[in-house]
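Student: next comes the sequence, and after it the predicted model I'd like to discuss.
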Amino acid sequence: MNSEFFKKIPWPLVGIGLLGVILLIWGSLPKEVAKSPPSTVERPEKGQEEKLTELLSGIGLGQFKVMLTYNDNGRLYVAADEKVETEYDKGQVKSVKEDRQVVRMRENNGESGFIIHKKEPEVSGVVITCSRKLTSSQKLMIIEAVRALWDLPLGRIVILGKE
């Protein structure tokens, strides 16, 4: 009886069905949501350095160059769909199941997480060079400008002028 049963099975259709199941499973596997940041802290875009250089050059004390150091690379906050299911037994909590899935957004090059907020990298130090010699009061004015931007301690701000 077993051999008759196996002879009646349309094996090509079974093979096509298995291939379809494999493709469905493969298509539902999660894609990479966000690329992990590099292991070393790299300098982000030069926008902040250029803006500070422009600001300092506009006060008429000479030509400036600025270098900023950073604590981190910033952080991206992505939208997530969260579900919490609590099961009760006689008024007592029996189990709590949590499920969190990142909300995805399709782009030209694939999918990525939907970004809610982007925290800029945190500035940890500033080095400023000037093309001419600066007086103590001019250095103090520059330090106050930098502190107004990033609230850094004095030891994290260095101003160098030609001697």
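Tutor: Right, received. Where do you want to start? Since this is a predicted model, take the numbers as computed values, not measurements. Numbering: from 1, shown residues only.
Student: for this structure, which spans come out with low pLDDT?
Tutor: Across the chain, the ranges flagged by pLDDT under 70 are 1-2, 5-6, 29-46, 163.
Student: one more time with 50
Tutor: 33-34, 36-43 (pLDDT under 50).
Student: and the strands in it?
Tutor: Along the chain, the stretches classed as strands by DSSP state E are 64-70, 75-78, 80-89, 92-102, 104-107, 110-113, 115-119, 123-130, 157-160.
Student: how far off strand 123-130 does the first one point, in degrees?
Tutor: When axes from the mean of the first three to the mean of the last three CA atoms, to 10 degrees is applied, the directions of strand 64-70 and strand 123-130 differ by 170 degrees.
Student: which of the residues in strand 64-70 are buried?
Tutor: In terms of neighbour count (16 or more other CB atoms under 10 Å), strand 64-70 has its buried residues at 64, 66, 68, 70. For glycine as for every other residue, the C-beta is placed from the backbone atoms N, C-alpha and C.
Student: to Trp11, which of the strands of the chain lies closest?
Tutor: Closest of the strands of the chain to Trp11 is strand 110-113, at 37.0 Å (criterion: CB to CB).
Student: and Val103, its phi and psi?
Tutor: Dihedral pair for Val103: phi -70, psi 130, per degrees, to the nearest 10.
Student: tell me the contacts of the closest residue to it other than its chain neighbours?
Tutor: In this structure, Val103 finds its nearest non-sequential neighbour in Ala79, 4.0 Å apart by CB to CB, 6 or more residues apart in numbering. Shown in contact with Ala79 (CB atoms under 8 Å, 6 or more residues apart in numbering): 102-103, 113-116.
Student: show the buried residues in these.
Tutor: Neighbour counting with 16+ other CB under 10 Å marks 102, 113 as buried within those.
Student: rebuild the contacts of Ala79 as JSON lines, extending it with distance to Gly60.
Tutor: Shown next, in JSON lines, are the contacts of Ala79 (distance: CB to CB, whole Å):
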{"residue": "Val102", "distance to Gly60": "50"}
{"residue": "Val103", "distance to Gly60": "50"}
{"residue": "Gly113", "distance to Gly60": "46"}
{"residue": "Phe114", "distance to Gly60": "46"}
{"residue": "Ile115", "distance to Gly60": "41"}
{"residue": "Ile116", "distance to Gly60": "42"}
